[in-house]
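[1] model this:
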Amino acid sequence: MTWTALDSAEQLSSIKQQPGYSIIFKHSTRCSISMMAKRRFELDWDQLPDSIPLYFLDLIKFREISNQIESDFKVHHESPQLLLIKDGECILDQSHGGISVEETLEMVQ
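    The predicted model follows:
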């Protein structure tokens, strides 16, 4: 699996309109906790269906997109943070040590 960089408001709009599931991972490149959460997620991400696009947001470079995510999906900003989007709605919001492929899979039905 690979990350798709989330670096534009247009991409975010497209994710909101996309049917099915998408994952957004918000990551601070300056934070060791964020790096550990990302590594741990990547160790297990091969368990996720290949059909789920994975979007990676660099919070340092694209803070305005993070703000838009907070507003559009009605979630409180965290870093690191994983959002599972289904049909344009956030159905799972995980942060820090709570980021888990296993819990994400439980929501994908």
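[2] next helix or strand past the lengthiest helix in the chain?
    Criterion DSSP state H: the longest helix present in the chain is helix 32-44. Per DSSP states H and E, the first helix or strand lying C-terminal to helix 32-44 is strand 54-58.
[3] give me the contacts around that following strand.
    By C-beta atoms under 8 Å, 6 or more residues apart in numbering, the surrounding residues in contact with strand 54-58 are 1-7, 11, 15, 22-27, 29, 45, 48, 65-66, 69. In short, each C-beta sits where N, CA and C put it, glycine included.
[4] put the buried members of those into a PyMOL selection.
    Restricted to buried positions by 16 or more other C-beta atoms under 10 Å, the PyMOL selection for the contacts of strand 54-58 reads:
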select buried, resi 3+6+11+15+22+23+24+25+26+27+45+48+65+66+69
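[5] buried sites along the longest helix of the chain?
    By neighbour count with 16+ other C-beta under 10 Å, helix 32-44 contains the buried residues Ser34, Ala37, Lys38, Phe41.
[6] closest one of those to Met107?
    Top of the list for closeness to Met107, among these and by C-beta to C-beta, is Phe41 at 14.6 Å.
[7] against Ser22, how distant is Phe56?
    12 Å (C-beta to C-beta, to the nearest Å).
[8] wait, I meant Glu102
    Between Glu102 and Ser22 the distance is 19 Å, computed by C-beta to C-beta.
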